[in-house]
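Engineer: Just to be clear, the model below is a prediction. Sequence and coordinates:
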Amino acid sequence: MSVLSFIAGIFRPAADLIDDLHTSEEEKLIVKSEIFSLQSEVTLQMLDYEKQLLNAQAKVITAEATGQSWLQRNWRPLTMITFLLLVVCDSFGLLAFRLADQAWTLLQIGLGGYVVGRSVEKTAPKISEIIKR
């Protein structure tokens, strides 16, 4: 469920309740307009929060990528290479034990985080440039 549909779902019961009221159409429209205005304000605040969160994440990844330590700059690729080696060894039966389901879940989360992290790392300068305008 997306954040926007969640916010809309919060305000939908109030809008439905207004339809059931025994008042004039003009009064119903005024109240619905106020509820829609409130919903729009909450949505804008939530989007602003998401923007701030993405900016913070981009700053962390940028700091890692431009860090002075070799390990700080390369821990993500090293982690993914380690995961790749484990998968290859597991696939060919070279490990003394099979990878547990939790290891595969961790691999999926790690790969997703790595892909998202690299995407943010590549797009963060462009996004921050647009936001500064």
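Structural biologist: Ah, there it is. Source: prediction; values computed, not measured.
Engineer: use CA for all of it now, contacts and neighbours both
Structural biologist: OK.
Engineer: got any ranges where the protein has weak pLDDT?
Structural biologist: 1, 3, 19, 22, 113-121, 124, 127-128, 131-133 (pLDDT under 70).
Engineer: how is it carved up into domains?
Structural biologist: Domain assignment for the chain by automatic domain parsing gives 1-52, 67-133.
Engineer: from the chain's centre, how far out does the longest one sit?
Structural biologist: I take that to be domain 67-133. 17 Å (Cα atoms, centre = their mean, to the nearest Å).
Engineer: Check the shortest one too.
Structural biologist: Distance of domain 1-52 from its chain centroid, counting by Cα atoms, centre = their mean, is 23 Å.
Engineer: so how many other residues sit close to Trp104?
Structural biologist: 13 (other Cα atoms under 10 Å).
Engineer: just Glu34 next, same as before
Structural biologist: Neighbours of Glu34 using other Cα under 10 Å come to 12.
Engineer: how much space between it and Trp104?
Structural biologist: Note on Glu34: its distance to Trp104, by Cα to Cα, to the nearest Å, is 49 Å.
Engineer: So what does Ala96 have for phi and psi?
Structural biologist: phi -70, psi -20 (degrees, to the nearest 10).
Engineer: how far away is it from Thr123?
Structural biologist: 41 Å.
Engineer: Tell me which of those two has more neighbours.
Structural biologist: A direct count of neighbours by other Cα under 10 Å for Ala96 and Thr123 places Thr123 higher, at 13 against 8.
Engineer: I'd like the distance from Lys59 to Leu84, if you could.
Structural biologist: Applying Cα to Cα to Lys59 and Leu84 gives a distance of 27 Å.
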